[in-house]
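A.B. asks: Compute the structure for the input listed below.
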Amino acid sequence: MVNPLPAQNKSQLAAHIRQRLVDEAVQSMAALREVVELHLTTLLRDVASAAEPQLLRETWSLYQNQGKSWFEGTAKAWRSALKPDVPRPAGLPLSNTLELVSTETVENQILASRIALSLMEAAASEVNDLRKRLKSLNPHQELSAQDIVHPEVLALAMVEQWVACGFSLESWQLINAAVQQHVNAQWRQIYARCNAELVAQGVMPVIAPEARAQSKPVAAPYGKAEPAAMPNQGSAAVFNQDPSAMAARGAPDWPALAGSGAAPGGARDLGVLDQVGRLMAGLVPVPSFPVAFQAFQYVPSPRLMTALAHRPLPAETLDGDATGQALPELLVQQVAQMAGELQQQSGELKKLAQNDNEKAIIELITLMFQSILQEDRIPPGIRVWFARLQMPVLSLALTDPNFFNRQDHPARLLIDHMGSCVLGFDASAVNSEDLAAEIKRVVQVIEQYPDAGERVYQRVYEEFKEFLKGFLTQKTATQKVVGVAQQVEQKEALAIQCTIELRNQIKEIPVRDGIRDFLYKVWSEVIAVASMRQGGQHETTLALKKAATDLIWAASAKPDRADRARLVADLPGLLQSLRYGMGLLGWSAAVQDGHIKVISDILADAFMSKTPAIDVELVQALAERLVHLEDYFTSDGAEELPLDAQSIEDLLGIDASDLEVVASGGGEANPVMMAWAQNLSLGAWFALDYLDQSVQVQYVWRSPLAHLHLFSSVVGRSYLIQTARLAAYLQDGMLRPQEEASLMVRATRNAMAKLEVDPARLLA
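C.D. replies: Sure thing, here's the model as predicted:
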C-alpha cells in the first residue's frame, strides 16, 4: 500500500505534473512546426487544385518568416499559464459578469474548442483522468478554467499565437487537419504519461467508472451557469453549456453532431463510442464479462477478408407487385429475409475469424445493423439498401479502427445523414423515389469499391450532400421561397456592407449630419436594391453609386466660382437620380419630397459657405470603393438582418403568404450554438416551437452567405430563420432535433446493451 503524500508534497507534485505537461507539449509543438511546414509545402505543389491559391501562397510565404515565432510564442504562453493568478485578457469571460467580447476573441475560442473537442474524442479518458487526479491532490479547490491541464487552454494559446504572428483564421483552415491529427496523437500520449507518473506516486491508481463519467462543468460564458444534463433530459439542457464545459465532459465535436441532425447526448454519445473503442483496443473488459482483447492495430486475416470480398450480394429490391401483395408488405418481407441472410453470413464469417478481435467486430457490426433494420420508421424500401451496407461496413471496420473511434468518420456520417433524412418524421412524407434512388446509388458505389476504405465513403457523402441541395428545394413553392430569400439576403448584405463602407470612408471627411443620415439610412438601401435587381456593375447601379459621392461633393463648401458653376449645372441631374433611387424602394412622392427638401436646404447653405472644400481625392477614393462594393462582403451571421414577411412583399413584389419569417423568440446564443447552427445538415427533421405551436419541419436550405436558413413543414409552409435566431432557438430548446441521438449512436448503444445481457455471443 502506498502511503498518502503530505500536503506540501501534493502541491509540489501537482506543479511538477503541470510542468511536465507543458514541457512535453512544447516538444510536441516543435515537431508540429515541421509538420505544418511540410503540409503547406505539399499543398503548394498542387496549388492549381487549391480552393484559395492566393491564400495558400500568402500563408506559406508568411510561415517561412513566422513559423518559429508561432512556436516560440505558443511555448511562452503555455509556460506563462503555469504561473499562479496570471490575469488572462483573451478568451471568453468565465465569470458571472457581463463583458463585451471581440469577434476575434470569440472566433479564437470556437476554433480552440473544436480542437479540444476533437482531442476528447480520441483521449477523453486520459484527459479526464488527469484532471481527476490533479483535483484529488487539492480536493478543496476546483480546477481553474484557465488551468493548463485543460486541452482547450493549450489549444487556445496555439490559435492566439497564430493570429498574433499575422496569420488569418482563414489560413488556419489550411493547416487544421494536419494540426488536429498531430495533436490527437501526441497529446493523448502526453496526458497518458502524466497519468502514469501520478499512478506511480500512488495518486488514484484506480478511478471508479462513476467518477470517470462525472466532471464539473465550468461557468457558462455569459454568466449563466447550467447543470450538466441527466441522461433523460432534452437537448436544451445539454446545449446550455460553454465549449470548455463540454470539453470537460468529453462531448463530441459540434459539426460532427450536426451532421446527423440529431440532438447530441453529451457524454453519453461519446461514452458509447469510448466503450466500444476500449472493447476493441483491449484496454478494459466490457461490463458483465471478463474478456480482455489484444490491441486493435492489426492486419485482418486474409482468409476472412477473402470470404468478405467474395460474399454473395443480396438480391435487388422489389420494384413491382408481382404476386398481388401490396408493395410495402413485399418490401417488409424482403427486409426480414435480408436480415436473416446477413445473420447467417455473419455466423459463417465468425467461423473464419482468427482471433477474438475479429469475432467481436463481426458480432458488433451485426448487432448494429440489426438495430437499423428493425427501425420501422425508416421506409422498408430504403431499409433494404441500409441492409446492403452491413458487409461493406464490416470490411471497413476490420481494416480501419477509426470507424469505432471517430464519431465524425465518413461512414458513420453518411449513414447518420441518410438516416436523418428518412427517419425524423413520417415515412409517408419522405417516400420519395428520387431520395430512394440516390441512396441506392450511394450503396452501389460503395459496393463497387470494396478496397477504397474511408475514401469512398467520404466521396459519396459529399455527393449525397450535394444531391440534397437540389432535392430538398425541388418543389415549386420551395424554389420560390428560396429565390426570394436569396434575393433578400443579397439585398440586406449589400445594404449593411454599403453602410459600413460609407462610414469607414467618410468618417474623416467633413460631411454634414443630414447628408450622413441620408447616405446611411436611405442610399445604402438604394444601392443594395439596384445591385440585387440589376447587378453591381450594371450601368444604372454604377450611376447610383456615383450619386453618393456626387452628393457628398455637392454638400461641401464651394469657395471656388468654377465649383459653384458646376454644382448649378449638375444639381438637376443629381436630384433626379436621388428621386429615382428612392423610387426603387417604393417610396411615395410625399416621402421623397421630404428628403429632397432637407437635402436642398443643406446644399443651399453649403453653396454660400466659405469653409475649405472637401479634398477631391478623398471623394474619388470613396467612389472607387463603391464601384467594387461586392468585393468586400463578409459573412458571419452574428447579427440579424431587419426582415419580416411584409417588407419582403413590399420590396420584391411577391406573395409571401406561405413564408413565415421567424423574427422573435430566443435569447442570445453562445458561440458554440452559433457554430452548431451554421453546421446543421440539410434534410434533418426538427420540432419548431413558434407562435404557441409545435411544428414538424425539415431543414431544406442554407443561403450562400449563410445568413438565412429555411425549414419546410409537411403542409407546405416555410419558415425563414437567420443564423443568430436559429442558434438562440437551438439553445433554448425551441428548435429540437426529432432524434435524441444519431442513427449510428443508437445502433451502437443497442448493440452494447445486448452484449451486456448476453456477453457470450460476442465470441461465440
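A.B. asks: Which residue, other than its chain neighbours, is closest to Gln180?
C.D. replies: Counting by C-beta to C-beta, 6 or more residues apart in numbering, Gln180 lies nearest to Ser118, which is 5.4 Å off, once chain neighbours are set aside. (Each C-beta comes from the backbone N, C-alpha and C, glycine too.)
A.B. asks: Helix or strand next in line after the one helix or strand Trp70 maps to, which one?
C.D. replies: Assessed by DSSP states H and E, Trp70 sits inside helix 53-81. Going down the chain from helix 53-81, the next helix or strand is helix 103-137, by DSSP H and E.
A.B. asks: Leu720 belongs to a strand?
C.D. replies: Yes: per DSSP: H, G, I helix; E, B strand; the rest coil, Leu720 lies within a strand segment.
A.B. asks: about what we covered before: my read is that the residue nearest to Gln180 contacts Gln181, right?
C.D. replies: No: with contact defined as C-beta atoms under 8 Å, Ser118 does not reach Gln181; the gap is 9.5 Å.
A.B. asks: These two: which is more packed in?
C.D. replies: When neighbours are counted by other C-beta atoms under 10 Å, Ser118 comes out ahead of the other of Ser118 and Gln181, with 26 against 14.
A.B. asks: which residues touch that one?
C.D. replies: Residues near Ser118 by C-beta atoms under 8 Å, 6 or more residues apart in numbering: Gln180, Val183, Asn184, Asp253, Asp408.
A.B. asks: Now for these, which sits with the most neighbours around it?
C.D. replies: Asp253 (27 neighbours).
A.B. asks: how about the nearest residue to Gln345, chain neighbours excluded?
C.D. replies: Arg311 is the one closest to Gln345 (C-beta to C-beta, 6+ apart), at 6.1 Å.
A.B. asks: Pull up the gap between the one you found and Met305, please.
C.D. replies: Using C-beta to C-beta, to the nearest Å, we find Arg311 at a distance of 11 Å from Met305.
A.B. asks: what do you get for Asn108?
C.D. replies: Asn108 is 45 Å from Met305, where distance means C-beta to C-beta.
A.B. asks: Who has more neighbours out of those two?
C.D. replies: Asn108 (25 against 18).
A.B. asks: Which elements pack onto the helix or strand hosting Cys421?
C.D. replies: Cys421 is part of helix 410-423 when elements are defined by DSSP H and E. Applying 3 or more C-beta pairs under 8 Å, 6 or more residues apart in numbering; DSSP states H and E, one finds that helix 410-423 contacts helix 380-387, helix 390-399, helix 433-448, helix 454-471, helix 743-757.
A.B. asks: so which of these is the most packed in?
C.D. replies: helix 380-387 (a mean of 24; mean count of other C-beta atoms under 10 Å).
A.B. asks: Determine the angle, from 0 to 180 degrees, between that one and helix 410-423.
C.D. replies: 170 degrees (axes from the mean of the first three to the mean of the last three C-alpha atoms, to 10 degrees).
A.B. asks: And the residue of the chain most remote from its centre, how far from Ala604?
C.D. replies: For the chain, the largest distance from the centre (C-alpha atoms, centre = their mean) belongs to Arg561, which lies 60.4 Å off. Taking C-beta to C-beta as the measure, Arg561 falls 17 Å from Ala604.
A.B. asks: a markdown table for the contacts of Ser118, including distance to Glu375, pLDDT and secondary structure?
C.D. replies: Listed next are those as a markdown table, based on distance: C-beta to C-beta, whole Å; pLDDT from 0 to 100; DSSP: H, G, I helix; E, B strand; the rest coil:
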| residue | distance to Glu375 | pLDDT | secondary structure |
| --- | --- | --- | --- |
| Gln180 | 33 | 91 | helix |
| Val183 | 36 | 93 | helix |
| Asn184 | 32 | 90 | helix |
| Asp253 | 25 | 38 | coil |
| Asp408 | 22 | 83 | coil |
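A.B. asks: Adding distance to Leu571, write those residues out as a markdown table.
C.D. replies: Shown next, in a markdown table, are the contacts of Ser118 (distance: C-beta to C-beta, whole Å):
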| residue | distance to Leu571 |
| --- | --- |
| Gln180 | 61 |
| Val183 | 64 |
| Asn184 | 67 |
| Asp253 | 60 |
| Asp408 | 63 |
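A.B. asks: quick check: domain ranges of this structure?
C.D. replies: 7-94+101-220+233-251, 269-471+746-762 (automatic domain parsing).
A.B. asks: Those: which one's closest to Met582?
C.D. replies: Of all the domains of the chain, domain 7-94+101-220+233-251 sits nearest to Met582, with 33.4 Å by C-beta to C-beta.
A.B. asks: Distance of the residue nearest to Ile190 when sequence neighbours are not counted relative to Arg33?
C.D. replies: Nearest residue to Ile190, sequence neighbours excluded (C-beta to C-beta, 6+ apart): Glu24, at 4.5 Å. From Glu24 across to Arg33, the span is 15 Å (C-beta to C-beta).
A.B. asks: In the stretch 601-750 of the chain, where is pLDDT below threshold?
C.D. replies: Of all residues in the stretch 601-750 of the chain, those with pLDDT under 70 make up the ranges 609-619, 622-657.
A.B. asks: all strands of it, in order?
C.D. replies: 659-662, 685-690, 693-702, 708-713, 718-722, 735-737 (DSSP state E, counting those that start in this stretch).
A.B. asks: packing partners for the longest one?
C.D. replies: To tie it back to what came earlier, the one meant is strand 693-702. Strand 693-702 packs on helix 476-506, strand 685-690, strand 708-713, going by 3+ C-beta pairs under 8 Å, 6+ apart.
A.B. asks: on that earlier part again, ok, now how distant is the residue nearest to Gln180 from Leu730?
C.D. replies: 21 Å.
A.B. asks: What of Leu502?
C.D. replies: From Leu502 to Leu730 the distance is 34 Å (C-beta to C-beta).
A.B. asks: more neighbours, those two?
C.D. replies: Per other C-beta under 10 Å, whichever of Leu502 and Leu730 has more neighbours is Leu730, with 26 against 23.
A.B. asks: List the residues that contact the closest residue in space to that one that isn't next to it in sequence.
C.D. replies: Nearest residue to Leu730 in three dimensions, chain neighbours excluded: Met673, at 5.5 Å (C-beta to C-beta, 6+ apart). Going by C-beta under 8 Å, 6+ apart, Met673 touches Phe239, Ala727, Ala728, Leu730, Gln731.
A.B. asks: now, which of the residues you listed sits nearest Gln738?
C.D. replies: Distances from Gln738 to those, taken by C-beta to C-beta, are shortest for Leu730, at 13.4 Å.
A.B. asks: surely the closest one meets Gln678?
C.D. replies: No: the pair Leu730 and Gln678 fails to qualify as a contact (C-beta under 8 Å) at a distance of 10.9 Å.
A.B. asks: Give me the average confidence score over whichever helix or strand Arg18 is part of.
C.D. replies: Under the criterion of DSSP H and E, Arg18 resides in helix 7-45. Taken as a whole, helix 7-45 has an average pLDDT of 89.
A.B. asks: cool, stretch 409-426 as well?
C.D. replies: Across stretch 409-426, the average pLDDT comes to 83.
A.B. asks: Next, the buried residues of that stretch.
C.D. replies: 409-425 (16 or more other C-beta atoms under 10 Å).
A.B. asks: which intervals of the stretch 251-400 of the chain have sub-threshold pLDDT?
C.D. replies: In the stretch 251-400 of the chain, residues with pLDDT under 70: 251-298, 312-328.
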